[in-house]
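S.K.: using only what follows, build the 3D model:
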Amino acid sequence: MLAPFFLQTILTKATSFVRISENMTFPIPIPTTDQRLVRVQEKGQITLPAEVRKSLGIKKGDLVAVSEETGAVVIKPVQTTHTTGSLWLKELYDYFAPVRQEAITKGYTEAQINDTIDQAVAAVRAEGA
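M.R.: Next up is the predicted model:
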């Protein structure tokens, strides 16, 4: 006669065993004390536990880096600096900083330099139109 169906969990140091019946026991790895179980939602979304977010200083809107390392998903907070405007424009401005400095040394004002740049940008845009 088959034993009645029951579910029993036996905890050991690193594994939980789920006993389905008298003759059927399956090992299930359980998280260590520094791990948390989270359920993957629709579209692969997960919620980081509050204590993890607080510990790492992760707030709504922050960026995190996600990578796969040896069969594990690793999520790390990313430090960013807030900038206004276009990063591309800032890189372009930095690239031409020596030319700008040379023009200032030759007696051109910031306003003259900016006007010349504006005229050049307008000309390029007109060509593309």
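S.K.: right, and residue 56 touches residue 77 too?
M.R.: Yes. Assessed by CB atoms under 8 Å, residue 56 is found in contact with residue 77 at 5.1 Å. All C-beta atoms are positioned from the backbone trio N, CA, C, and that covers glycine.
S.K.: so which elements touch the longest helix belonging to the chain?
M.R.: The helix spanning the most residues in the chain, taking DSSP state H as the definition, is helix 110-128. Under the contact criterion of 3 or more CB pairs under 8 Å, 6 or more residues apart in numbering; DSSP states H and E, helix 110-128 touches helix 97-105.
S.K.: mind listing what's buried in the helix it packs on?
M.R.: 100, 103 (16 or more other CB atoms under 10 Å).
S.K.: name the residues that touch it?
M.R.: Here helix 97-105 makes contact (CB atoms under 8 Å, 6 or more residues apart in numbering) with 110, 112-113.
S.K.: do that again at 6 Å, thanks
M.R.: The contact list for helix 97-105, computed with CB atoms under 6 Å, 6 or more residues apart in numbering, reads residue 113.
S.K.: and it, how far from the chain's centre?
M.R.: 38 Å (CA atoms, centre = their mean, to the nearest Å).
S.K.: what angle separates that helix from helix 110-128?
M.R.: 130 degrees (axes from the mean of the first three to the mean of the last three CA atoms, to 10 degrees).
S.K.: picking that back up, off-centre distance for the longest helix of the chain?
M.R.: So, by CA atoms, centre = their mean, the centroid of helix 110-128 is 37 Å from its chain's centroid.
S.K.: residues in contact with residue 74?
M.R.: By CB under 6 Å, 6+ apart, the contact set of residue 74 is residue 67.
S.K.: could you look up the SS state of it?
M.R.: strand (DSSP: H, G, I helix; E, B strand; the rest coil).
S.K.: how near is it to residue 86?
M.R.: Using CB to CB, to the nearest Å, we find residue 74 at a distance of 31 Å from residue 86.
S.K.: ditto for residue 56
M.R.: 30 Å.
S.K.: can you pull out the strands in the protein?
M.R.: Using DSSP state E, the strands of the chain run over 8-11, 15-21, 24-29, 64-69, 72-77.
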